[in-house]
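1. please work out how this folds:
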Amino acid sequence: MKDFEIQELKSTDLLRLKEFADLEIGAGYYSLEDLQDIFDRSQVDGKMCSFLLKKDSKIFGLRFTLPPGKWSHGKGSGLCVEKWPHALKDTAYFQSLFLARATQGEGWGSRLSIRSIEVLKELEAKGVVCHSWKQSPHNSSARYLEKMGFQAIAEHPLYWQDVDYNCTHCLKPPCQCTALEMYLDLGDI
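-> Numbers count the residues shown, from 1 in each chain. A predicted model of the protein is given here:
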């Protein structure tokens, strides 16, 4: 765990971030244009909501977070806004969290997420929604989110089927994975 640092996402990280995403998420999940868009939408009022886990200049993890007002949907299809305790305009979005295999199980995902939540609270966001990958190894995605206080709202089969990429679980398009829509009320923490 030593020598790793959590750093704000910077525009100079995008090329290395594309390489990391192709390896850890699946080839083509994010284009450079997608990453530039996420970088642009991750900021509001001079505050960056997305963070990277780095050692020296190498990327070992990412937490993409879009603040309220900077998003309207996730990467795939499916939102149950009517089940949320707060309106879309008051809710942030955890777009993606991925860690290099060598850093998984060491608490870095939670640390990256907590860092984003700290900024979201400064921005007076009332909640955070995300789509958890149901097929994650040992259901680690939903388990870590539940430990943070997220609650399952809905299940979206074939959530990523329209994303043209090579899912690391399905190994070829289209992705057949299911997303669990989960919500964290920031007033509860």
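
2. buried residues in the helix or strand bottoming out on mean pLDDT in the chain?
-> Least confident helix or strand of the chain, by mean pLDDT, DSSP states H and E, is helix 140-148 with a mean of 91. Applying a neighbour-count criterion of 16 or more other CB atoms under 10 Å, one finds 141-142, 144-145, 148 buried in helix 140-148. Glycine gets a C-beta too; all of them are placed from N, C-alpha and C.

3. before we move on, what about stretch 145-164?
-> In terms of neighbour count (16+ other CB under 10 Å), stretch 145-164 has its buried residues at 145, 148, 150, 153, 156, 159-161, 163.

4. and stretch 69-79, by the same measure?
-> 70-71, 74-76, 78-79.

5. need the max-distance pair from those.
-> In terms of CB to CB, the buried residues of stretch 69-79 reach their longest pairwise distance at K70 and G78, which sit 19.3 Å apart.

6. inside strands: which ones of the buried residues of stretch 145-164?
-> With strands taken from DSSP state E, the overlap with these comprises 153, 156.

7. any low-confidence regions in the chain?
-> Low-confidence regions of the chain, defined by pLDDT under 70, span residues 1-2.
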